[in-house]
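Peer 1: Generate coordinates for the sequence data below:
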Amino acid sequence: MTELPVVLRPPCSSRIKILKKHEFSVDMTCEGCSNAVSRVLNKLGGVEFDIDLPNKKVCISSDHSVDILLETLEKTGKAVSYLGPK
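Peer 2: Residues are numbered from 1 along each chain as shown. Below is the predicted model of the structure:
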C-alpha cells in the first residue's frame, strides 16, 4: 500500500486577505473635512485608505461591503457617492 503525501496548510488566521479597492467621491473642501474622513474610517477599522483632497476622492481598500463604507463616510456629514471599484 502506498502512502499519500501530507500537505500542510497554514491556519486560516495566517492566510493573506485580499482587500477590495473602492473609490468614493466625498465633498471635502478643507483639511478639516479630510480629517473627518480619516477619523470615521479609522474608527471603522479593517481599512487602508488614501485621501485626495484636491480631487475630492477617497480610495479605500477593505473587505467591508460598499454599503458599510458608504454609511461610514456619510457620518462625516458630507455628500458621498460611490465611483466604483479601483
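Peer 1: Quick one: the helices in the protein, in order.
Peer 2: For the chain, the helices defined by DSSP state H occupy 31-44, 66-74.
Peer 1: Dump those to TSV, plus mean neighbour count and mean pLDDT.
Peer 2: Any C-beta I mention is one placed from the backbone N, CA and C, and that applies to glycine too. Formatted as TSV, the helices of the chain follow (neighbours: other C-beta atoms under 10 Å; pLDDT from 0 to 100):
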stretch	mean neighbour count	mean pLDDT
helix 31-44	15	97
helix 66-74	16	98
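Peer 1: so which of these gets nearest L19?
Peer 2: Relative to L19, the nearest member of the helices of the chain by C-beta to C-beta is helix 66-74, separated by 11.6 Å.
Peer 1: From the chain's centre, how far out is that closest one? Work that out for me.
Peer 2: Mean C-alpha position of helix 66-74 versus that of the full chain (C-alpha atoms, centre = their mean, to the nearest Å) differs by 10 Å.
Peer 1: what's the answer for stretch 30-47, then?
Peer 2: With C-alpha atoms, centre = their mean, you get 11 Å for stretch 30-47.
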